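Undergrad: Here is my input; please provide its structure:
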Amino acid sequence: MLERLFKLQALGTNVRTEVLAGFTTFMTMAYIVVVNPAILGETGMPIAAVAAATCLAAGLGSILMGLIANYPLALAPGMGLNAYFTYTVVKGMGVPWETALGCVFISGVAFLILTVAGIRQMIVAAIPRPLFSAVAAGVGLFIAFIGLKSAGVIVANPATAVALGDLTTPSAALALIGLVLIAALQAWRVKGAILIGILLAAIAGWLLGLSKFTPGAYSLSDLSATFFKMDVGAALHLQGGMGVALLEIIFVFLFVDLFDNVGTLVAVTKKAGLVEPDGTIPRLNRILTADSAATMIGAAAGTSTVCSYIESASGVTAGGRTGLTAVVVGILFLITLFFAPLVQAIPAAATAPALVLVGALMIGSLAEVDWADPTVAIPAFLTVIIIPLTFSIANGLAFGITSYAVLKAVTGKLRKGDWLLVVLAALFVIRFVYLAKG
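TA: Just a heads-up that it's a prediction; the model follows:
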């Protein structure tokens, strides 16, 4: 049955190798079970319930990817998208988290419709590849900034906007020690370095009294506080400025999810040798369909947008070549569901170093940008710098795409096939005008 489903022999692998690859991928991305609830919990969502939703979305999403697309790609709530959900949509725009989940669900439906219609693939082709790298790096800086801020390493300052915090406080000191620990484990190429670092820092936090560890009896029914709490009706009936905000929210979810998935797909499929000679990715529609379904499942369970994870490359390195790897990852996440409430005991200072390290890893994508070409370098830089400074991925995308289109136009390098890019740039300009008048 496994051979028929996953074509193991044809892809040069076996069950043992695929299971080992699945365990490897899971260990490298299991930190999301702790980090995602820590971020979404700032919206007022129950942390234990978000942890359960994270496990459920990652579990079912990864299994869907394995069965539908037969790729060794694991899915989970996306880093960066969870930060956008919390800090921009809920805390920045004042949208209730239930309504924000409704927006995520609507975006999942939109993803699916656009995939079936082929529009999602057109958008992927229209966006310049350097901006993919710039968005990933900008989101990395955004995430790292959030981590440093939550740990007290960086604090608000009326004179300079931000400043260095008191590093002698237990929270800041623990975060810095945790950062060094996780970085060292990563440098030693220890599998599951981020998760191990979080757990060791959490133990230190308990010993320092930063968090109380009081395990007790619980049932899965206690974890249902976010299940099917999404308010799609409220999301569809936002009026006036909030109505425009809804379109922007869905727009950002769409684009960042596109960038995350395409970047991950290219990296992982190249590493696995699954890319066609002409550079196309086989079964791309199936991959995007699985991703769309996973986002809808995640919203229903109570978490932000689900996307494919670059950590899947660790499983490919271990020999994973088929969807069986993703299915194993999914099963492990579903098993973790039964331990979800324990994440409430992990202090923010223990998860902050993980955010910083993830940000550091994401910034590496800037190596793919041609910094010698001003028409590429300037839009890429604007994208990277605007995202963390404005706490908005949408603003970074807007500056990057608009400046890219303008510079290519004034230098005569704009091609006829770039019409969709020009349309997107025009929409961003209209958006800026609207925000200025508002």
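
Undergrad: how about residue 177, what does it touch?
TA: With contact taken as Cβ atoms under 8 Å, 6 or more residues apart in numbering, residue 177 is in contact with 201, 204. For the C-beta atoms, the positions are set from N, CA and C on the backbone; glycine is no exception.

Undergrad: Pull out the buried residues from the stretch of helix or strand residue 122 belongs to.
TA: Secondary structure assigned from DSSP states H and E places residue 122 in helix 119-126. Using 16 or more other Cβ atoms under 10 Å as the burial criterion, the residues of helix 119-126 that qualify are 120-121, 123-124, 126.

Undergrad: just stretch 180-194 next, same as before
TA: 181-183, 185-186, 192-194.

Undergrad: tell me the secondary structure for residue 163?
TA: At residue 163, secondary structure determined by DSSP: H, G, I helix; E, B strand; the rest coil is strand.

Undergrad: my guess is it contacts residue 154, does it?
TA: Yes: using Cβ atoms under 8 Å, residue 163 and residue 154 qualify as a contacting pair, with a distance of 7.3 Å.

Undergrad: between these two, who's got more neighbours?
TA: residue 154 (18 against 11; other Cβ atoms under 10 Å).

Undergrad: Let me know the pLDDT of the nearest residue to residue 432 once chain neighbours are set aside.
TA: With Cβ to Cβ, 6 or more residues apart in numbering as the measure, residue 398 is the residue that lies nearest to residue 432, at 6.8 Å, once sequence neighbours are left out. For residue 398, the model assigns a pLDDT of 84.

Undergrad: and residue 398, what helix or strand is that in?
TA: helix 393-410.

Undergrad: centre of the chain versus the helix or strand that comes right after that helix, how much separation?
TA: Moving toward the C-terminus from helix 393-410, the first helix or strand encountered (DSSP H and E) is helix 419-437. With Cα atoms, centre = their mean, to the nearest Å as the basis, helix 419-437 stands 25 Å off its chain's centre.

Undergrad: now swap in stretch 188-201 and tell me
TA: The gap between where stretch 188-201 is centred and where its chain is centred comes out at 19 Å by Cα atoms, centre = their mean.

Undergrad: average pLDDT across stretch 363-372?
TA: For stretch 363-372, the mean confidence score works out to 89.

Undergrad: which residues are contacting that stretch?
TA: For stretch 363-372, the surrounding residues in contact (Cβ under 8 Å, 6+ apart) are 129-130, 132-134, 136-137, 140-141, 263, 376-377, 380, 384.

Undergrad: before we move on, back to that, just to check, the residue nearest to residue 432 is in contact with residue 424?
TA: No: the criterion here is Cβ under 8 Å, and residue 398 misses it with residue 424 at 9.2 Å.

Undergrad: ok, these two, which is more surrounded?
TA: For residue 398 versus residue 424, neighbours defined as other Cβ under 10 Å are more numerous around residue 398 (26 against 21).

Undergrad: That one and residue 143, how far apart?
TA: 20 Å (Cβ to Cβ, to the nearest Å).

Undergrad: swap in residue 25?
TA: Counting by Cβ to Cβ, the gap between residue 25 and residue 143 amounts to 20 Å.

Undergrad: Comparing those two, which shows the higher neighbour count?
TA: Neighbours were tallied for residue 25 and for residue 143 using other Cβ under 10 Å; the higher tally belongs to residue 25 (30 against 27).

Undergrad: quick one: which helix or strand includes the more buried one?
TA: Using DSSP H and E, the element containing residue 25 is helix 15-29.

Undergrad: buried residues in that helix?
TA: Residues of helix 15-29 classed as buried by neighbour count (16+ other Cβ under 10 Å): 17-29.

Undergrad: swap in stretch 89-102?
TA: Neighbour-count burial for stretch 89-102 [16+ other Cβ under 10 Å]: 89-90, 93, 95, 97-102.

Undergrad: The residues you listed in helices, which ones?
TA: When DSSP state H is applied, the buried residues of stretch 89-102 are split such that 97-102 fall in helices.

Undergrad: And the pLDDT at the residue most central in space within the chain?
TA: Closest to where the C-alpha atoms of the chain average out (Cα atoms, centre = their mean) is residue 78, at 2.1 Å. For residue 78, the model assigns a pLDDT of 87.

Undergrad: Check the contact between it and residue 310; I expect there is one.
TA: No: taking Cβ under 8 Å as the contact criterion, residue 78 and residue 310 are not neighbours in contact, 10.5 Å apart.

Undergrad: follow-up on the earlier one: got the angle between the helix holding residue 398 and helix 419-437?
TA: Angular relation of helix 393-410 and helix 419-437 on a 0 to 180 degree scale: 120 degrees, by axes from the mean of the first three to the mean of the last three Cα atoms, to 10 degrees.

Undergrad: Which neighbouring elements make contact with helix 393-410?
TA: Of the remaining helices and strands, those touching helix 393-410 by 3 or more Cβ pairs under 8 Å, 6 or more residues apart in numbering; DSSP states H and E are helix 129-151, helix 240-272, helix 374-390, helix 419-437.
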